[in-house]
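Q: Sequence first, then the predicted structure, then my questions.
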Amino acid sequence: MAGEKLALHGGSPVRSAPYPAWPRLGSGDLEAVAAVLEGSDWGGAGATVAQFEALFAQVHDAAYGIGAANGSLALELALLAAGIGPGDEVVVPAHSFIATAAAVSRIGAVPVFADIEAATYNIDPERVAEAVSEKTAAVIVVHFGGVPADMDRLGDLAARHGFLLIEDAAHAHGAEWHGKRAGSFGLAGMFSFQNSKAMTAGEGGMVITSDEDLAAKARSIANAGRRPGRGWFEHFELGTNLRLTAMQAAMLGKQLERLPIEIRLRERNNAALEQELAGIEGLYLQEAPAGVSAQTLYVRPGRIVADSFGIDRGAFVEAMQAEGIPIRPFYPHPLYRNPLFQDHAHRAASCPIAEQSSRDSFWLPMNLFMGSEDDAADIARAVWKIHKAVKPKFKKPRVNGPAPKAG
Ligand SMILES: Cc1ncc(COP(=O)(O)O)c(C=O)c1O
């Protein structure tokens, strides 16, 4: 087995069949959209959207849901409705999709970057405590890949320092911390329904909250400043139009029904992967803290320690892709390295884990966990094949003959 020829070097790949595509149609989706199209309630101000907003919020342990055109705008909406703006600082994780920090800048506040934890890839509460200043209005917690951050420690910090918690749950549909859904811990949480997400209408987003005032303000901003019960041409906030469409809501309603089944499928397949990977050296998948009672398994990040695995992350990703496992490298750099945020770089002086993660981390996309257990185990087969082929190069030379050729 050791030294089996890697696909990168002309060997046969571990698999040639593609993984299941995502997004994919589920039962009843077409009928649900057709039912909307057969009526005249296509827009976002009618009953279809209102019902989905209420149901999504309820499933995520919140009292109110406010649909939005996408997750980026949902995050801006949550910040605006929370009254955050110029003069405020908002602590964000050093690694996330750019929207997490851009939303803060776009509403006129200043993002301040805090390092992530090596094991969970979530914002590190100790680094949050260091980043907080008298200007800190809020902390945005990203539940990376659908693994909830430690909401006990972050909640304690928020209470002690008096800042608001806003949850970026773009990855975390259905995820839970001690049995309570991600997005329901802070003053507000937001979700994305963009094309790759665990629930998707191609685009779309949602703010959830149990704060009546925030909900009313967010709903008004998202609906041209209108107020419930008042006229269509009466406007009380400097609002805009962020509404979801009824077609999106109809699709998302069907997906919300399937979400628990799909999470269970990914959990089962992830367990098969972890079992097959047991004992591997130099490869670490994201860990969930003890309080996590459900994770979305949206993307599954992990890291390669080159000395013990045998090759570095770049070579690993290339070798895995050649073996038919479409993994991706992690974000190319921490957010504060983007010139857009350079003015604030001094507030992120030391984020060594984020820096390291850009060099050594990768992620497994969700669709790798949406086929059979055997499909997921193929990920481990490819990892072992690569490890066995490359590791001897890093071991003491063998006495009985040459080490197998490495990559
Ligand atoms: C962590 C995070 N926050 C926010 C967003 C923004 O969501 P959207 O793409 O729907 O605007 C994304 C999208 O990928 C994300 O990954």
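A: Thanks, I have it.

Q: Disregarding flanking residues, what is the spatial nearest neighbour of the residue nearest the centre of the chain?
A: Residue closest to the average C-alpha location in the chain (Cα atoms, centre = their mean): residue 171, at 2.9 Å. Spatial nearest neighbour of residue 171, chain neighbours left out: residue 298 (4.3 Å); criterion: Cβ to Cβ, 6 or more residues apart in numbering. To be clear about C-beta, it is placed using only N, CA and C from the backbone, and glycine gets the same treatment.

Q: And the one you found, how close does it get to residue 341?
A: From residue 298 over to residue 341 the distance is 25 Å, taken as Cβ to Cβ, to the nearest Å.

Q: Would you mind giving the secondary structure of residue 65?
A: Of the three states, residue 65 takes strand under DSSP: H, G, I helix; E, B strand; the rest coil.

Q: Off-centre distance for stretch 228-243?
A: Distance of stretch 228-243 from the chain centroid (Cα atoms, centre = their mean, to the nearest Å) equals 31 Å.

Q: what comes into contact with that stretch?
A: 43-45, 49, 67-69, 73-74, 77, 217, 219-227 (Cβ atoms under 8 Å, 6 or more residues apart in numbering).

Q: ChimeraX command to pick out the buried ones of those?
A: Typed into ChimeraX, the line below selects the buried ones among these, using 16 or more other Cβ atoms under 10 Å:
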select :44,49,67,68,69,73,74,77,217,219,220,221,222,223,224,226
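
Q: Tell me which of the contacts of stretch 228-243 fall in strands.
A: Using DSSP state E, the members of the contacts of stretch 228-243 that fall in strands are 67, 68.

Q: Could you pick out which of the contacts of stretch 228-243 are located in helices?
A: Here DSSP state H is the test, and the contacts of stretch 228-243 give 49, 73, 74, 77, 217, 219, 220, 221, 222 as lying in helices.

Q: what two of those residues are the furthest from one another?
A: 49 and 217 (18.3 Å; Cβ to Cβ).

Q: Check which helix or strand residue 353 maps to.
A: According to DSSP states H and E, residue 353 maps onto helix 352-360.

Q: Quick one: list the elements packing against that helix.
A: In terms of contacts (3 or more Cβ pairs under 8 Å, 6 or more residues apart in numbering; DSSP states H and E), helix 352-360 is packed against strand 299-304.

Q: How much space separates residue 24 from residue 251?
A: With the distance defined as Cβ to Cβ, residue 24 ends up 12 Å from residue 251.

Q: between those two, which one's more packed in?
A: Set residue 24 next to residue 251 and count neighbours by other Cβ atoms under 10 Å: residue 251 wins out with 27 against 10.

Q: Not counting its neighbours along the chain, what's nearest the more buried one?
A: Spatially, and ignoring its direct neighbours in sequence, residue 251 is nearest to residue 201 (4.8 Å; Cβ to Cβ, 6+ apart).

Q: check contacts around that neighbour.
A: Contact partners of residue 201, counting by Cβ under 8 Å, 6+ apart, are 193, 244, 247, 248, 249, 251, 252.

Q: my guess is the second one meets residue 49, correct?
A: Yes. Residue 244 is within contact range of residue 49, at 5.3 Å (criterion: Cβ atoms under 8 Å).

Q: which residue does this structure bring closest to the ligand?
A: Nearest residue of the chain to the ligand (Cβ to the nearest ligand atom) works out as residue 71 at 2.5 Å.

Q: and the residue lying closest to that residue once chain neighbours are set aside, how many neighbours?
A: Among residues not flanking residue 71 along the chain, residue 192 sits closest, at 2.7 Å (Cβ to Cβ, 6+ apart). When neighbours are defined as other Cβ under 10 Å, residue 192 has 30 of them.

Q: Residue 192 contacts residue 68, correct?
A: No. Counting by Cβ under 8 Å, residue 192 stays clear of residue 68, with 9.3 Å between them.

Q: tell me, what's touching residue 244 and residue 49 both at once?
A: Common contact partners of residue 244 and residue 49 (Cβ under 8 Å, 6+ apart): residue 67.

Q: what does stretch 25-34 rub up against?
A: Contacts of stretch 25-34 (Cβ under 8 Å, 6+ apart): 247, 250, 251, 253, 254, 255, 258.

Q: Tell me which stretches of the stretch 51-200 of the chain form helices.
A: Here the stretch 51-200 of the chain has its helices, by DSSP state H, counting those that start in this stretch, at 71-81, 99-106, 125-131, 151-161.
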